[in-house]
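Peer 1: After the sequence you'll find the predicted model.
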Amino acid sequence: MNRFVMVVSLIAFWAVAAAGAQTRPPQAGGNRVVSGVVLSSASGQPLAQADVMLRESDDLKPVAESTTDGDGRFELTGVPDGRFRLSASHRGYVTSAYQEHEGGIATAIVTGDGLDTSNLQLTLPADCAIYGKVTEDSGDPVPQARVTLYALDPGTGRMRRTNSAQADAMGQFDLPHLAPGNYYVCASGIPWYAGPRMGAMPGVHIPEALDMAYRTACNPDGTDPASAEPITVNPGDNLPIDLLLHPVPAVHISVQIPNGCGGRGSIYPQLRDEIFGIRDFVQYGFGMTCGGNPRDGNTTATAYSFGIAPGQYEIELNSFANGESQTSTRTKIVDAASGELTLDSSSFAAIPSLSGTVAVAGGSSLPIVISLEPAAGQADDDRLSARVEPDGSFHMNDVAPGKYEVTLAGREGALAVDHITAQGATGRGRIVELGSAAATLAITAIPADASVSGSVESAGKPASGVFLLLVPASAGAGRSAWRSDQSDSDGSFEFRHVAPGNYFLVAIEQGWNLSWRRPGVINPYLEKGVPVAITSSSARIVLKSPIEAQPERSSSPSTP
């Protein structure tokens, strides 16, 4: 009898909880109503039991939540006046905000007198997946192959790594929970028969037929990345993609490292290859031997490798300086065409350091972090950051030569770089170009406290969900000065934390399809853009007239 009562009580509890999920009270008082329906973007069918959340746009604090009914409908009551982010989630679908686009940009819901926030349609794309098998020409699987997914960023026009997976012992892989889009799929690995994974020793003979390696290969037919073709993944797709690796005669690289035996000095060299402009580590087999007398410290370590395909690589050699815990990095670009290649670590070039000071105009608080964002032609994973000390100084080890944009993260409010004085490097605006020698920067920062607000119209009516772009007039402003957004449900918009400078503001229908950071792409739209001038004394700039939404102009598709 007691057991029966307990079961009934639990059932009653869950019934109450389920009922409450439909009518959960808001967490902020008001008299506005936000209602609508959650739909599948692929089929257009309503989604029952989807979780709907309304949050404040500024700090994402929850305001109201609910669960859709059997017809996919929701209603959020007691909502105050304001600007909010509306999102929904459902099992098997990608959690999305209202009219969300890549980068998390979404249309905010604005409530207030005369504003209609009913009958909103919030669409969710179904989860996607890519799965398959990695094999070689013989048909044998490639165990533990690494499969990497790349995508083209429409804003920057650059490739980025989006996901990766390791194949199992039979070469099977799975890349689940993908958002719809266009992807490039590539694979790399080591032939299972190419020798032991550890402990390769000099003088050990590997039969020629087994001394093989794989070049990185991409869809569709195992060709090199330059011939890769994108895979279009639509909502709900579960695409089978098989990848083929072609074995080629391996090359062998050995690196002699003085005083590299024992203790902290025994660090293996790492190889990097470039795929779609992104530097990535290469899988290979390795081993190490030691020679000399460790008692007097006169030793030489030799790192041996196998399973490397012919090609050009960057070899990184990490070592501890003077026995301390901090490492330094030296690199060398090698063209390993065939056979054996023996290198001495003394021929590796040290990656220089970067140091300097940051001063903030107007007496604002110092930034807590300084970052170097790679400029065009470099990968996003080359981003470097360092702490800014209380006296304004900073230091970075191992900064590879190249162009970088300097960005700052502040304790209070936003900061922007105003001027850079460089020694051992060249600087223009927020861009600094570093060479092979150590460099010093003196950076002057300014508060980025201004806001730019207004409204967007199309055919004389407020237009929501229109792509907005704030384009800096100065070529040296850096890509962080380019600001993208979209108009809210009432056609309004607001850019916050804008740094002083001259800009053009453009509104483009479906502008997310544009590679807008590529040179020349945005120029045709600037003629109808609105000039915006922000000075150090600017606080809030409100455009008096609505900005007209321009239609997207046809352009040639982007390629990696």
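Peer 2: Nice, thanks for sending it over.

Peer 1: who touches residue 246 in this structure?
Peer 2: 136, 137, 214, 215, 217, 222 (C-beta atoms under 8 Å, 6 or more residues apart in numbering). Where you see a C-beta, it was placed from the backbone N, CA and C, and this is true even at glycine.

Peer 1: How much space separates it from residue 191?
Peer 2: Distance, residue 246 to residue 191, by C-beta to C-beta, to the nearest Å: 11 Å.

Peer 1: overlap in contacts of those two?
Peer 2: Taking C-beta under 8 Å, 6+ apart as the criterion, residue 246 and residue 191 both touch 136, 214.

Peer 1: Helix, strand or coil: sort out the residue nearest to residue 548 when sequence neighbours are not counted for me.
Peer 2: Among residues not flanking residue 548 along the chain, residue 457 sits closest, at 5.9 Å (C-beta to C-beta, 6 or more residues apart in numbering). Three-state call for residue 457 (DSSP: H, G, I helix; E, B strand; the rest coil): strand.

Peer 1: contacting residues around residue 457?
Peer 2: Listed by C-beta under 8 Å, 6+ apart, the contact partners of residue 457 are 463, 491, 546, 547, 548, 549.

Peer 1: of all those residues, which two lie farthest apart?
Peer 2: Greatest spatial distance among the contacts of residue 457 (C-beta to C-beta): 491 and 548, at 11.4 Å.

Peer 1: Dump the contacts of residue 457 into TSV; add distance to residue 361 and secondary structure as well.
Peer 2: Listed next are the contacts of residue 457 as TSV, based on distance: C-beta to C-beta, whole Å; DSSP: H, G, I helix; E, B strand; the rest coil:
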residue	distance to residue 361	secondary structure
463	38	coil
491	36	coil
546	34	coil
547	31	strand
548	36	strand
549	37	coil
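
Peer 1: Same list, those residues, but as CSV with neighbour count please.
Peer 2: What follows is the contacts of residue 457, written out as CSV (neighbours: other C-beta atoms under 10 Å):
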residue, neighbour count
463, 21
491, 22
546, 20
547, 22
548, 16
549, 24
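
Peer 1: Can I get these in CSV including pLDDT?
Peer 2: CSV is the format used below for these (pLDDT from 0 to 100):
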residue, pLDDT
463, 95
491, 96
546, 95
547, 95
548, 95
549, 95
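
Peer 1: Tell me the one of those nearest residue 370?
Peer 2: Closest to residue 370 out of the contacts of residue 457 is residue 547 (34.5 Å), distances taken as C-beta to C-beta.

Peer 1: Please parse this structure into its domains.
Peer 2: Structurally, the chain divides into domains by automatic domain parsing as follows: 2-124, 128-350, 354-447, 450-548.

Peer 1: so how far is the longest one from its chain's centroid?
Peer 2: Yep, that's domain 128-350 we're talking about. 21 Å (C-alpha atoms, centre = their mean, to the nearest Å).

Peer 1: Quick one: end-to-end length of that domain, please.
Peer 2: For domain 128-350, the first and last residues are 44 Å from each other (C-alpha to C-alpha, to the nearest Å).

Peer 1: Report the mean per-residue pLDDT for stretch 362-381.
Peer 2: For stretch 362-381, mean pLDDT rounds to 71.

Peer 1: any idea how far the nearest residue to residue 372 once chain neighbours are set aside lies from residue 426?
Peer 2: Take residue 372 and drop its neighbours on the chain: the residue closest to it by C-beta to C-beta, 6+ apart is residue 404, 3.9 Å away. Noted for residue 404: a distance of 11 Å to residue 426, by C-beta to C-beta.

Peer 1: Ok, residue 95 next?
Peer 2: Separation of residue 95 from residue 426 (C-beta to C-beta) stands at 44 Å.

Peer 1: Overlap of the contact sets of residue 404 and residue 426?
Peer 2: Overlap of the contact sets of residue 404 and residue 426 (by C-beta under 8 Å, 6+ apart) consists of 432, 433.

Peer 1: So for those two, which residue has more residues nearby?
Peer 2: Legend: neighbour count by other C-beta atoms under 10 Å for residue 404 and residue 426, higher for residue 404 (26 against 13).

Peer 1: Could you pull up the contacting residues of that one?
Peer 2: Residue 404 makes contact with 372, 373, 374, 375, 378, 384, 431, 432, 433, 434, according to C-beta under 8 Å, 6+ apart.

Peer 1: how far away is the third one from residue 42?
Peer 2: With the distance defined as C-beta to C-beta, residue 374 ends up 36 Å from residue 42.

Peer 1: Just grab the bridge partners of residue 441 for me.
Peer 2: Applying DSSP bridges to residue 441 gives these bridge partners: residue 356, residue 422.

Peer 1: got the contact list for it?
Peer 2: 354, 355, 356, 357, 406, 420, 421, 422, 423, 425, 427, 432.

Peer 1: rerun that using 6 Å as the cut-off
Peer 2: Residue 441 sits next to 356, 420, 422 when contact means C-beta atoms under 6 Å, 6 or more residues apart in numbering.
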